[in-house]
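[1] Have a look; sequence and predicted model below, questions after that.
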Amino acid sequence: MIDMSPNLVLVVTIAVLFTVGVYLLLERSLSRVLIGVILIGNGANLLFLVAGGAAGGPPIVGVTPDGEMSDPLPQAMVLTAIVITLGMTAFLLAMAYRSWQLHRHDEVQDDVEDRRIARLAAIDELAVRDSDEEGPVPTLDEEAAEAHDETDEGHPVEEVAR
């Protein structure tokens, strides 16, 4: 009978990769988000291999007996996960580079709509008003003019774009 219990070191490594990866994904810096995506991708690859069970012979009918064949599905899943992680890495690198070109940092800024919802939540007010309510409803342009972004001070987009 084949021992199907996973190696404890691999299980702890998978847990650490996922934990650190999720922590880095919650950061505002795109370079940290990029490292988080890479760590989660590597954790997923290890998880697929550990979940695949013990190694066996090549899965070729006639060469290896049926009970000793390894499952090719986890290996195919790992190859797919590698491609997905590579695509996400390229996308995040492009976003971080573009952010560096425009703002000289790779921090993700709050969206005007996010700030409006956070402000309304702080005063315990509804984020969406009914169309039959009275009173002036500020437009998105008016709210954008009110918003203050501390990361853009001294680096207007027009200056950096030149």
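    Structure's in. What do you need?

[2] how far away is residue 66 from residue 77?
    As judged by Cβ to Cβ, to the nearest Å, residue 66 and residue 77 stand 22 Å apart. Just so you know, the C-beta spots here come from the backbone N, C-alpha and C atoms, and that holds for glycine as well.

[3] which of the two has more neighbours?
    Legend: neighbour count by other Cβ atoms under 10 Å for residue 66 and residue 77, higher for residue 77 (17 against 7).

[4] Quick check, residue 45 in contact with residue 79.
    No. The pair residue 45 / residue 79 is not scored as a contact, 9.3 Å apart, by Cβ atoms under 8 Å.

[5] Mind checking which of those two has more residues around it?
    Higher neighbour count among residue 45 and residue 79: residue 45, with 20 against 12, using other Cβ under 10 Å.

[6] That one should be in a helix, yeah?
    Yes. Checked against DSSP: H, G, I helix; E, B strand; the rest coil, residue 45 lies within a helix.

[7] Disregarding flanking residues, what is the spatial nearest neighbour of it?
    residue 78 (4.9 Å; Cβ to Cβ, 6 or more residues apart in numbering).

[8] helices or strands up against the stretch of helix or strand the one you found belongs to?
    Taking DSSP states H and E as the criterion, residue 78 maps to helix 73-103. Here helix 73-103 touches helix 30-51, helix 157-161, going by 3 or more Cβ pairs under 8 Å, 6 or more residues apart in numbering; DSSP states H and E.

[9] mind checking how far the residue of the chain most remote from its centre is from residue 36?
    Distance from the C-alpha centroid of the chain peaks at residue 62, with 43.5 Å (Cα atoms, centre = their mean). Remark: distance between residue 62 and residue 36 (Cβ to Cβ) = 45 Å.
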